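> Below: sequence and its predicted model.
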Amino acid sequence: MLTVAVVGAGLMGRGIAEVFAGAGHPVRLHDVDAGALRGAVGSLRDVAGAVDGSTDLAEAVTGAGLVVEAVAESLEAKRDLFARLDRLLPDALLASNTSVLPVSSIAERTTRPERVVGTHWWNPPGLIPVVEVVRGKHTSEETMERTAALLTSLGKLPVRVERDVPGFVGNRLQHALWREAIALVADGVCTAETVETVVRNTIGLRLAAMGPLENADYVGLDLTLAIHEAVLADLNRSPSPSPLLRELVAAGDLGAKSGRGFLTWPENSRERASKRLARHIARQLAATADNDPPAA
Ligand SMILES: NC(=O)c1ccc[n+]([C@@H]2O[C@H](COP(=O)([O-])OP(=O)(O)OC[C@H]3O[C@@H](n4cnc5c(N)ncnc54)[C@H](O)[C@@H]3O)[C@@H](O)[C@H]2O)c1
């Protein structure tokens, strides 16, 4: 078993640690926040692998063959951390769970960028199958393969992202949809509730069974071309965030955590939404276990 150090014991770090420890790997957790660390180690008491933690980075990562970094999304913090990890563990594989930052920049202050890789897990890490394995400018093929093999051994579905583009694959697709959703509301085409109703009851129902490219093939590429000729020029192409999004944030309407965003969030509704989401994902995974994989 490989000793795995998880740095950052927040939402993602804790979930990633649980997957590794659940598969029997000894896990060493580190967080600068002693409370977060205690909470994470405590919540992982019943997993198969031994889980240990320290607020001292050097102590926490001792003996690790792999470090998974899941600290706050700050390029400076991640660069610093990777430089320290580089000195502490000359032989380990270093993986970042960054959502959108360039893996190549995170690796910049290390002496072994060939052994630095992006592993973009999705929330909740224990449930979502795909982990995007992102090749930085200097990541070696051996690192890509070792990382993918390890993730497969955990029961995950690793996919290779061959270029270090912001947002990788999943978040680029997701935020193309969110940009258009916000624009529809900002332009007065429909309400936020209508966007939710349409997505949940049309494309949302389909997407787990048929992704966009299989769907394009399925309806016919001639039809897809005709639709793109008619609609693409009218879709939102703004290179910067919507003014409506900026206004809401400036007004303190941050969504679930402040009670109001595009929608209103009564007390406890975030917890209810979180449970509803986990229940739905688990049910959907069970129901689609026999789904055909995409045709090659
Ligand atoms: N939340 C998501 O859905 C999600 C999904 C995929 C990827 N990510 C990425 O995963 C990373 C972590 O996100 P999260 O949602 O778990 O954040 P979080 O705020 O829940 O947890 C981050 C933890 O890192 C700790 N930390 C911050 N700086 C540190 C440092 N220098 N050294 C050690 N610990 C430090 C914090 O104390 C905190 O406990 C980010 O890069 C984020 O973009 C998040």
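Structure received.
> From now on I want contacts and neighbour counts done on CA atoms only, so please keep to that.
Will do.
> check contacts around the closest residue to the ligand within the stretch 151-296 of the chain.
Here the stretch 151-296 of the chain gets closest to the ligand at one residue, residue 171, 9.2 Å apart by Cα to the nearest ligand atom. For residue 171, the contacting residues are 99, 100, by Cα atoms under 8 Å, 6 or more residues apart in numbering.
> if I look at it, how far off is residue 177?
According to Cα to Cα, to the nearest Å, residue 171 stands 10 Å off from residue 177.
> And the helices in the protein?
Assigned helices in the chain, in chain order: 11-22, 34-43, 57-61, 75-88, 103-106, 141-153, 170-186, 192-201, 203-207, 212-219, 221-231, 243-250, 269-287 (criterion: DSSP state H).
> What residues does the stretch 101-250 of the chain have near the ligand?
Within the stretch 101-250 of the chain, the positions lying close to the ligand (Cα under 6 Å from any ligand atom) are 120, 121, 122, 123.
> Of the residues you listed, just the buried ones, ChimeraX syntax please.
Remark: buried members of those, expressed as a ChimeraX selection using 16 or more other Cα atoms under 10 Å:
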select :120,121,122
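> Distance to residue 238 added to the residues of the stretch 101-250 of the chain next to the ligand, as CSV?
Formatted as CSV, these follow (distance: Cα to Cα, whole Å):
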residue, distance to residue 238
120, 26
121, 28
122, 26
123, 27
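> what separates residue 89 from residue 64, distance-wise?
8 Å.
> domain parsing for the protein?
Domain assignment for the chain by automatic domain parsing gives 4-161, 170-287.
> Would you tell me which one of the ones you listed is buried the most?
Mean neighbour count (mean count of other Cα atoms under 10 Å) peaks for domain 4-161 among these, with a mean of 20.
> re the thing from before, now render the domains of the chain as CSV, adding mean pLDDT.
Supplementary listing: the domains of the chain in CSV, determined by pLDDT from 0 to 100:
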stretch, mean pLDDT
domain 4-161, 96
domain 170-287, 96
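> how about the nearest residue in space to residue 160 that is not next to it in sequence, what does it touch?
The shortest distance from residue 160 to any non-neighbouring residue, by Cα to Cα, 6 or more residues apart in numbering, is to residue 133 (5.0 Å). By Cα under 8 Å, 6+ apart, the contact list for residue 133 reads 117, 118, 119, 120, 144, 147, 148, 158, 159, 160, 161.
> what are the bridge partners for the second one, then?
Meaning residue 118. residue 96, residue 134 (DSSP bridges).
> I'd say residue 17 and residue 6 touch.
Yes - proximity of residue 17 to residue 6 meets the contact threshold set by Cα atoms under 8 Å, at 6.4 Å.
> Overlap of the contact sets of these two?
Residues touching both residue 17 and residue 6 by Cα under 8 Å, 6+ apart: 27, 29.
> Spatially, what comes nearest to residue 137 if we skip its sequence neighbours?
For residue 137, ignoring the flanking residues on the chain, the nearest one in space by Cα to Cα, 6+ apart is residue 104 at 5.6 Å.
> Residue 35 is in contact with residue 53, correct?
No - if you go by Cα under 8 Å, residue 53 and residue 35 don't touch, sitting 11.4 Å apart.
> so what's residue 125 up against?
Contacts of residue 125 (Cα under 8 Å, 6+ apart): 12, 15, 16, 19.
> residue contacts, the nearest residue to the last one once chain neighbours are set aside?
By that I understand residue 19. Nearest residue to residue 19, sequence neighbours excluded (Cα to Cα, 6+ apart): residue 126, at 5.9 Å. Going by Cα under 8 Å, 6+ apart, residue 126 touches 15, 16, 18, 19.
> The third one and the ligand, how far apart?
Counting by Cα to the nearest ligand atom, to the nearest Å, the gap between residue 18 and the ligand amounts to 13 Å.
> again, but for residue 100
Separation of residue 100 from the ligand (Cα to the nearest ligand atom): 7 Å.
> Just give the nearest non-adjacent residue to the spatially most central residue of the chain, would you?
Centroid check for the chain by Cα atoms, centre = their mean gives residue 122 as the closest residue, at 3.4 Å. Excluding its sequence neighbours, the residue lying closest to residue 122 (Cα to Cα, 6+ apart) is residue 128, at 6.0 Å.
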